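**Student:** using only what follows, build the 3D model:
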Amino acid sequence: MQNLFKGLIIFIFLLTLTGCFGEDKKSKAPKKDHIFVKNDGVENFKVDVQNRVKEKILVPFRETIKIEFLATKTKTVLVKTKSQDPNWNDCSIAMQVGQTLVVHRKYENIECRAE
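**Tutor:** Residues are numbered from 1 along each chain as shown. Below you'll find the model as predicted:
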């Protein structure tokens with residue numbers, strides 16, 4: 001009877017120890033914000049999302065891309081576009097997270113607008 005009692009105590013003790021080594025806590029991934037960039041008929045150009053993305057991102061002719069970056073409290077981003085053609089101008093615009101930047105051709109220049 002005592003052996004059964006000792007065995008039961010050891011079993012309960014081991015059971016409580018396994019509770020200490022249960023599932024690891026799941027770490028939350030950092031939240032991300034995004035913008036869309038739509039090339040509406042301009043030669044290839046590069047996009048720089050200032051202070052959010054390290055490298056410039058190429059947007060091919062007639063393509064729409066999604067650019068993701070870490071979320072911050074500020075929901076406004078400054079976006080600069082740089083044309084591959086040296087004769088064309090560059091375009092800068094401040095826009096809200098989640099909006100679409102539309103880059104289109106106007107005469108021999110490129111223009112930007114946020115939608």
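
**Student:** ok, now how distant is the spatially most central residue of the chain from residue 37?
**Tutor:** Centroid check for the chain by Cα atoms, centre = their mean gives residue 68 as the closest residue, at 2.4 Å. Between residue 68 and residue 37 the distance is 12 Å, computed by Cβ to Cβ, to the nearest Å. For the C-beta atoms, the positions are set from N, CA and C on the backbone; glycine is no exception.

**Student:** about what we covered before: could you measure from the residue nearest to the centre of the chain over to residue 11?
**Tutor:** From residue 68 to residue 11 the distance is 51 Å (Cβ to Cβ).

**Student:** next structured bit after the worst-scoring helix or strand of the chain on mean pLDDT?
**Tutor:** One helix or strand of the chain scores below all others by mean pLDDT, DSSP states H and E: helix 2-20, with a mean of 70. Heading C-terminal from helix 2-20, the first helix or strand you meet, by DSSP states H and E, is strand 32-40.

**Student:** and the very next helix or strand once past that following strand, what does it pack against?
**Tutor:** Following strand 32-40 in sequence order, the next helix or strand is strand 45-49 (DSSP H and E). For strand 45-49, the packing partners by 3 or more Cβ pairs under 8 Å, 6 or more residues apart in numbering; DSSP states H and E come out as strand 32-40, strand 57-59, strand 64-70, strand 76-83.

**Student:** what's the closest non-adjacent residue to residue 78?
**Tutor:** In this structure, residue 78 finds its nearest non-sequential neighbour in residue 50, 4.5 Å apart by Cβ to Cβ, 6 or more residues apart in numbering.

**Student:** what about the one you found, how many neighbours?
**Tutor:** 11 (other Cβ atoms under 10 Å).

**Student:** so it makes contact with residue 74?
**Tutor:** No - with contact defined as Cβ atoms under 8 Å, residue 50 does not reach residue 74; the gap is 11.6 Å.

**Student:** what sits against the closest residue to residue 34 other than its chain neighbours?
**Tutor:** Of all residues not flanking residue 34 in the chain, residue 68 sits nearest, at 4.6 Å (Cβ to Cβ, 6+ apart). For residue 68, the contact set (Cβ atoms under 8 Å, 6 or more residues apart in numbering) comprises 32, 33, 34.
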